[in-house]
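**Student:** what follows is a predicted structure for the sequence shown.
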Amino acid sequence: MNRQTTHRGKRLAWVPLLMLSFSISVAAATPAASPKPGGYCPAPDILLVTAEELSASLDLAMGSRAALLHKDQVTASSELTSVGTTLHLAASRGEAARTILLIDAIIQAKTADDYAQMLAWFPLLQTSLLTLPDDATVSAASDWVGDAEDILRGEKEGDPETSLKEARHMLACDGLDIPLQQAIAAQGKLMKQLSKNTKNSGYDSLLNSLRSALAYTLGNSEM
(Lines give C-alpha, C1' and ligand atoms only; values in the text may rest on other atoms or scores of the structure.)
Protein backbone atom coordinates (compact mmCIF):
# COMPACT_ATOMS: atom_id res chain seq x y z
CA MET A 1 0.00 0.00 0.00
CA ASN A 2 1.50 3.36 -1.01
CA ARG A 3 1.67 6.48 1.17
CA GLN A 4 -1.14 8.26 -0.71
CA THR A 5 -3.53 5.38 -0.12
CA THR A 6 -2.62 5.28 3.57
CA HIS A 7 -3.28 8.99 4.06
CA ARG A 8 -6.59 8.70 2.20
CA GLY A 9 -7.65 5.86 4.53
CA LYS A 10 -6.82 7.94 7.57
CA ARG A 11 -8.85 10.87 6.24
CA LEU A 12 -11.83 8.62 5.60
CA ALA A 13 -11.56 7.18 9.12
CA TRP A 14 -12.13 10.68 10.52
CA VAL A 15 -15.36 11.16 8.56
CA PRO A 16 -17.70 9.19 10.92
CA LEU A 17 -16.14 10.91 13.93
CA LEU A 18 -16.65 14.34 12.38
CA MET A 19 -20.25 13.49 11.51
CA LEU A 20 -20.90 12.25 15.06
CA SER A 21 -19.33 15.39 16.53
CA PHE A 22 -21.45 17.56 14.23
CA SER A 23 -24.68 15.73 15.12
CA ILE A 24 -23.94 16.07 18.84
CA SER A 25 -23.27 19.79 18.42
CA VAL A 26 -26.53 20.27 16.52
CA ALA A 27 -28.48 18.32 19.14
CA ALA A 28 -26.94 20.39 21.91
CA ALA A 29 -27.74 23.62 20.07
CA THR A 30 -31.39 22.64 19.51
CA PRO A 31 -33.51 23.77 22.47
CA ALA A 32 -35.87 21.25 24.04
CA ALA A 33 -39.50 21.72 23.06
CA SER A 34 -41.44 23.75 25.62
CA PRO A 35 -44.15 21.77 27.44
CA LYS A 36 -47.66 22.53 26.29
CA PRO A 37 -50.26 23.47 28.91
CA GLY A 38 -53.30 21.25 29.32
CA GLY A 39 -51.54 18.00 28.51
CA TYR A 40 -50.37 16.85 31.94
CA CYS A 41 -52.74 13.92 32.35
CA PRO A 42 -53.06 11.42 35.23
CA ALA A 43 -51.83 7.84 35.07
CA PRO A 44 -54.41 5.12 34.27
CA ASP A 45 -54.75 4.06 37.93
CA ILE A 46 -55.63 7.62 38.95
CA LEU A 47 -58.12 7.89 36.08
CA LEU A 48 -59.86 4.73 37.26
CA VAL A 49 -60.36 6.17 40.73
CA THR A 50 -61.64 9.40 39.19
CA ALA A 51 -64.02 7.36 37.03
CA GLU A 52 -65.48 5.77 40.16
CA GLU A 53 -66.27 9.17 41.65
CA LEU A 54 -67.66 10.47 38.37
CA SER A 55 -69.89 7.40 38.17
CA ALA A 56 -71.14 8.12 41.69
CA SER A 57 -71.75 11.74 40.67
CA LEU A 58 -73.73 10.61 37.65
CA ASP A 59 -75.84 8.22 39.73
CA LEU A 60 -76.57 10.95 42.29
CA ALA A 61 -77.45 13.48 39.59
CA MET A 62 -79.88 11.02 38.00
CA GLY A 63 -81.38 10.32 41.43
CA SER A 64 -81.81 14.03 42.06
CA ARG A 65 -83.57 14.52 38.76
CA ALA A 66 -85.84 11.53 39.38
CA ALA A 67 -86.72 12.81 42.85
CA LEU A 68 -87.62 16.21 41.46
CA LEU A 69 -89.78 14.57 38.83
CA HIS A 70 -91.73 12.98 41.69
CA LYS A 71 -92.02 16.36 43.47
CA ASP A 72 -89.58 15.34 46.22
CA GLN A 73 -87.50 18.51 46.37
CA VAL A 74 -85.83 17.61 49.69
CA THR A 75 -84.31 14.43 48.24
CA ALA A 76 -83.52 16.17 44.96
CA SER A 77 -81.60 18.86 46.81
CA SER A 78 -79.79 16.38 49.06
CA GLU A 79 -78.71 14.22 46.14
CA LEU A 80 -77.57 17.26 44.17
CA THR A 81 -75.51 18.47 47.15
CA SER A 82 -73.79 15.09 47.25
CA VAL A 83 -72.97 15.48 43.55
CA GLY A 84 -70.92 18.54 44.45
CA THR A 85 -68.97 16.56 47.04
CA THR A 86 -68.13 13.67 44.73
CA LEU A 87 -67.19 16.03 41.89
CA HIS A 88 -64.72 17.86 44.10
CA LEU A 89 -63.25 14.53 45.19
CA ALA A 90 -62.87 13.55 41.53
CA ALA A 91 -61.11 16.85 40.86
CA SER A 92 -58.60 16.19 43.66
CA ARG A 93 -57.20 12.88 42.47
CA GLY A 94 -53.49 12.82 41.71
CA GLU A 95 -50.55 15.00 42.70
CA ALA A 96 -51.11 17.54 39.93
CA ALA A 97 -54.86 17.77 40.64
CA ARG A 98 -54.18 18.37 44.33
CA THR A 99 -51.77 21.17 43.42
CA ILE A 100 -54.33 22.66 41.02
CA LEU A 101 -56.89 22.80 43.83
CA LEU A 102 -54.36 24.63 46.00
CA ILE A 103 -53.87 27.16 43.21
CA ASP A 104 -57.64 27.59 42.90
CA ALA A 105 -57.89 28.10 46.67
CA ILE A 106 -55.10 30.70 46.65
CA ILE A 107 -56.78 32.65 43.86
CA GLN A 108 -59.99 32.69 45.88
CA ALA A 109 -58.08 33.83 48.98
CA LYS A 110 -57.68 37.31 47.50
CA THR A 111 -59.79 39.95 49.23
CA ALA A 112 -60.19 43.15 47.20
CA ASP A 113 -56.68 44.43 46.42
CA ASP A 114 -55.16 42.82 49.50
CA TYR A 115 -52.74 40.14 48.34
CA ALA A 116 -51.45 39.27 51.82
CA GLN A 117 -53.91 36.39 52.21
CA MET A 118 -52.75 34.88 48.92
CA LEU A 119 -49.06 35.18 49.77
CA ALA A 120 -49.50 33.34 53.06
CA TRP A 121 -50.39 30.13 51.19
CA PHE A 122 -47.39 30.02 48.84
CA PRO A 123 -45.13 27.92 51.12
CA LEU A 124 -47.79 25.19 51.11
CA LEU A 125 -48.11 25.43 47.32
CA GLN A 126 -44.34 25.19 46.89
CA THR A 127 -44.31 22.09 49.10
CA SER A 128 -47.04 20.50 46.97
CA LEU A 129 -45.03 21.23 43.81
CA LEU A 130 -42.05 19.42 45.30
CA THR A 131 -44.08 16.19 45.46
CA LEU A 132 -44.52 16.19 41.68
CA PRO A 133 -42.02 14.55 39.29
CA ASP A 134 -39.05 16.70 38.33
CA ASP A 135 -39.87 17.26 34.67
CA ALA A 136 -40.23 20.11 32.18
CA THR A 137 -43.95 20.62 32.80
CA VAL A 138 -43.61 20.86 36.57
CA SER A 139 -40.59 23.13 36.16
CA ALA A 140 -42.62 25.47 33.93
CA ALA A 141 -45.48 25.49 36.44
CA SER A 142 -43.02 26.25 39.26
CA ASP A 143 -41.66 29.17 37.25
CA TRP A 144 -45.17 30.61 36.90
CA VAL A 145 -45.79 30.18 40.62
CA GLY A 146 -42.49 31.89 41.36
CA ASP A 147 -43.48 34.69 39.02
CA ALA A 148 -46.78 35.14 40.87
CA GLU A 149 -44.99 35.23 44.21
CA ASP A 150 -42.53 37.86 42.96
CA ILE A 151 -45.46 40.01 41.80
CA LEU A 152 -47.20 39.65 45.15
CA ARG A 153 -44.02 40.71 46.94
CA GLY A 154 -43.75 43.77 44.73
CA GLU A 155 -40.59 42.57 43.02
CA LYS A 156 -42.23 42.40 39.59
CA GLU A 157 -45.01 44.12 37.72
CA GLY A 158 -48.03 42.14 36.57
CA ASP A 159 -51.11 40.26 37.65
CA PRO A 160 -50.39 37.36 40.04
CA GLU A 161 -53.71 35.71 39.19
CA THR A 162 -52.69 35.48 35.54
CA SER A 163 -49.44 33.76 36.49
CA LEU A 164 -51.24 31.37 38.83
CA LYS A 165 -53.74 30.50 36.12
CA GLU A 166 -50.86 29.80 33.75
CA ALA A 167 -49.35 27.47 36.36
CA ARG A 168 -52.73 25.80 36.83
CA HIS A 169 -53.18 25.18 33.10
CA MET A 170 -49.64 23.80 32.85
CA LEU A 171 -50.54 21.09 35.37
CA ALA A 172 -54.03 20.40 33.98
CA CYS A 173 -55.33 17.68 31.70
CA ASP A 174 -57.75 19.49 29.41
CA GLY A 175 -59.54 16.33 28.32
CA LEU A 176 -60.64 15.74 31.91
CA ASP A 177 -60.35 19.13 33.59
CA ILE A 178 -62.55 21.07 31.17
CA PRO A 179 -65.69 18.85 31.39
CA LEU A 180 -65.10 18.29 35.11
CA GLN A 181 -64.97 22.02 35.81
CA GLN A 182 -68.05 22.48 33.62
CA ALA A 183 -69.85 19.84 35.70
CA ILE A 184 -68.85 21.56 38.95
CA ALA A 185 -70.10 24.90 37.61
CA ALA A 186 -73.35 23.33 36.38
CA GLN A 187 -73.97 21.67 39.75
CA GLY A 188 -73.43 24.95 41.58
CA LYS A 189 -75.73 26.85 39.24
CA LEU A 190 -78.44 24.19 39.51
CA MET A 191 -78.26 24.23 43.31
CA LYS A 192 -79.06 27.94 43.32
CA GLN A 193 -81.98 27.54 40.90
CA LEU A 194 -83.43 24.25 42.11
CA SER A 195 -87.14 24.39 42.82
CA LYS A 196 -90.27 22.34 42.21
CA ASN A 197 -90.59 24.14 38.90
CA THR A 198 -87.15 23.05 37.65
CA LYS A 199 -87.53 21.05 34.45
CA ASN A 200 -85.70 17.86 33.53
CA SER A 201 -83.76 19.85 30.95
CA GLY A 202 -82.27 21.87 33.82
CA TYR A 203 -79.98 18.90 34.49
CA ASP A 204 -78.76 18.63 30.88
CA SER A 205 -75.61 20.71 31.29
CA LEU A 206 -74.55 18.75 34.38
CA LEU A 207 -75.28 15.36 32.84
CA ASN A 208 -73.59 16.17 29.53
CA SER A 209 -70.45 17.39 31.29
CA LEU A 210 -70.38 14.28 33.46
CA ARG A 211 -70.72 12.09 30.38
CA SER A 212 -67.75 13.80 28.71
CA ALA A 213 -65.55 13.58 31.80
CA LEU A 214 -66.45 9.94 32.40
CA ALA A 215 -65.86 9.07 28.74
CA TYR A 216 -62.37 10.55 28.97
CA THR A 217 -61.42 8.68 32.14
CA LEU A 218 -62.69 5.32 30.90
CA GLY A 219 -61.24 5.81 27.43
CA ASN A 220 -57.76 6.59 28.76
CA SER A 221 -57.51 4.27 31.76
CA GLU A 222 -56.21 1.12 30.08
CA MET A 223 -53.22 -0.22 32.00
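**Tutor:** Everything's here; your move.
**Student:** need the contact list for the closest residue in space to residue 149 that isn't next to it in sequence.
**Tutor:** The shortest distance from residue 149 to any non-neighbouring residue, by CB to CB, 6 or more residues apart in numbering, is to residue 122 (5.2 Å). C-beta: built from backbone N, CA, C; applies to glycine. Counting by CB atoms under 8 Å, 6 or more residues apart in numbering, residue 122 makes contact with 106, 145, 149, 152.
**Student:** can you pull out the strands in the chain?
**Tutor:** Listed in chain order, the chain contains no strands at all (DSSP state E).
**Student:** pLDDT weak spots in it?
**Tutor:** 1-33, 112-113, 223 (pLDDT under 70).
**Student:** center of it, which residue is that?
**Tutor:** Centroid check for the chain by CA atoms, centre = their mean gives residue 172 as the closest residue, at 1.5 Å.
**Student:** so it sits right up against residue 35, yeah?
**Tutor:** No - applying CB atoms under 8 Å as the test, residue 172 and residue 35 come out as separate, 11.9 Å apart.
**Student:** quick one on the thing from earlier: since we're on the nearest residue to the residue nearest to the centre of the chain once chain neighbours are set aside, how many residues are nearby?
**Tutor:** Nearest residue to residue 172 in three dimensions, chain neighbours excluded: residue 38, at 5.5 Å (CB to CB, 6+ apart). Neighbours of residue 38 under the rule other CB atoms under 10 Å: 15.
**Student:** still on that earlier bit, and the residue nearest to residue 149, how close does it get to residue 143?
**Tutor:** According to CB to CB, to the nearest Å, residue 122 stands 14 Å off from residue 143.
**Student:** residue 67 is in contact with residue 80, isn't it?
**Tutor:** No - using CB under 8 Å, residue 67 is not in contact with residue 80; the gap is 9.0 Å.
**Student:** so which of the two has more stuff around it?
**Tutor:** residue 80 (23 against 18).
**Student:** could you check how far the more buried one is from residue 63?
**Tutor:** Distance, residue 80 to residue 63, by CB to CB: 9 Å.
**Student:** out of the contacts of residue 122, which is nearest to residue 74?
**Tutor:** residue 106 (35.8 Å; CB to CB).
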